[in-house]
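1. got a structure for you, letters missing:
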């Protein structure tokens with residue numbers, strides 16, 4: 001596929017989707033020119049700050065998500081973003097409240113948050129989720145629907161809303177969820193270990209310390 005076709009594919013399909021409805025398109029080119037042939041991106045996802053956004057390959061971004069790379073956003077290989085989620089690297093709501101009408105005239109408003117955000121490999125972002133600016137999610141994380149996620153989330157954690165309007169909390173470990181499937185299918189051990197690491201494969205197969213205690217400290 002020529003470079004010209006690669007560059008035109010997304011805007012053309014997005015235009016056609018006005019008449020045909022949302023579509024998911026294969027292929028994504030990052031601002032640095034790297035090409036992700038296996039990533040799939042909705043024509044109806046909203047992107048901001050593309051120059052600061054880096055997608056890995058095999059990423060899925062579904063319909064009606066807001067993806068904000070204005071201050072740096074890395075979405076690593078194999079991440080799935082379902083729908084109606086916001087992945088943010090800036091936040092202005094506090095600045096707007098405290099400054100009122102002065103906000104629009106100030107080039108550096110007080111309370112404005114600019115922080116890079118990272119989503120680890122093969123994580124899952126459930127619908128109606130907000131990933132706050134500066135959040136760092138480890139690999140293999142599952143974020144349940146309607147979560148607000150800030151700060152650091154350890155590898156393989158399953159996070160869920162603690163209460164309405166409260167930050168999500170770790171409620172499980174995705175390696176435990178994967179155990180039965182990995183035990184039944186030894187042919188999956190190698191591809192799992194490629195991104196997760198051999199020690200995490202062992203923990204998935206045999207059990208061990210939970211994500212909340214040690215997973216974030218382990219090396220792949």
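-> Now that the structure is in, tell me what you want to look at. These numbers come from a predicted model, not from an experiment.
2. where does the protein have low pLDDT?
-> 1-10, 14, 17-18, 208-220 (pLDDT under 70).
3. Show me the helices in it, by range?
-> Using DSSP state H, the helices assigned to the chain run over residues 3-20, 93-99, 174-184, 189-196, 198-206.
4. Would you mind giving those as JSON lines with mean neighbour count and distance to residue 43 added?
-> C-beta coordinates here come from the backbone N, C-alpha and C atoms, glycine included. Output for the helices of the chain, formatted as JSON lines (neighbours: other C-beta atoms under 10 Å; distance: least, C-beta to C-beta, whole Å):
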{"stretch": "helix 3-20", "mean neighbour count": "12", "distance to residue 43": "4"}
{"stretch": "helix 93-99", "mean neighbour count": "14", "distance to residue 43": "28"}
{"stretch": "helix 174-184", "mean neighbour count": "16", "distance to residue 43": "30"}
{"stretch": "helix 189-196", "mean neighbour count": "16", "distance to residue 43": "28"}
{"stretch": "helix 198-206", "mean neighbour count": "18", "distance to residue 43": "35"}
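5. Need the residues that contact the strand of greatest length in the chain.
-> Secondary structure of the chain per DSSP state E: the longest strand is strand 35-42. Contacts to strand 35-42, defined as C-beta atoms under 8 Å, 6 or more residues apart in numbering, come from residues 6, 10, 22-30, 55-65.
6. Quick one, which of those are buried?
-> Neighbour-count burial (16 or more other C-beta atoms under 10 Å) applied to those gives 10, 24-25, 27-30, 55-56, 58-62, 65.
7. for the residues you listed, which one is nearest residue 178?
-> Of all the buried ones among the contacts of strand 35-42, residue 178 sits closest to residue 58, with 17.0 Å by C-beta to C-beta.
8. wait, isn't that closest one in contact with residue 78?
-> Yes. At 4.7 Å, residue 58 counts as touching residue 78 under the criterion of C-beta atoms under 8 Å.
9. list the contacts for residue 132?
-> For residue 132, the contact set (C-beta under 8 Å, 6+ apart) comprises 88, 91, 117, 148-150.
10. Can you lay out the residues you listed as a markdown table showing distance to residue 207 and neighbour count?
-> Below are the contacts of residue 132 laid out as a markdown table (distance: C-beta to C-beta, whole Å; neighbours: other C-beta atoms under 10 Å):
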| residue | distance to residue 207 | neighbour count |
| --- | --- | --- |
| 88 | 35 | 24 |
| 91 | 39 | 19 |
| 117 | 31 | 25 |
| 148 | 30 | 19 |
| 149 | 26 | 24 |
| 150 | 29 | 17 |
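11. Looking at these, which are in strands?
-> 91, 117, 148-149.
12. and of the residues you listed, the nearest to residue 200?
-> Among the ones in strands among the contacts of residue 132, residue 149 lies closest to residue 200 (C-beta to C-beta), at 21.0 Å.
13. so how far is residue 126 from the closest one?
-> 10 Å (C-beta to C-beta, to the nearest Å).
14. Need the overlap of contacts for those two.
-> By C-beta under 8 Å, 6+ apart, the residues touching both residue 149 and residue 126 are residue 143.
15. Could you export the ones in strands among the contacts of residue 132 as CSV, including distance to residue 49?
-> Converted to CSV, those look like this (distance: C-beta to C-beta, whole Å):
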residue, distance to residue 49
91, 13
117, 11
148, 21
149, 19
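16. Surely residue 61 touches residue 81?
-> Yes. Using C-beta under 8 Å, residue 61 is in contact with residue 81, at 4.8 Å.
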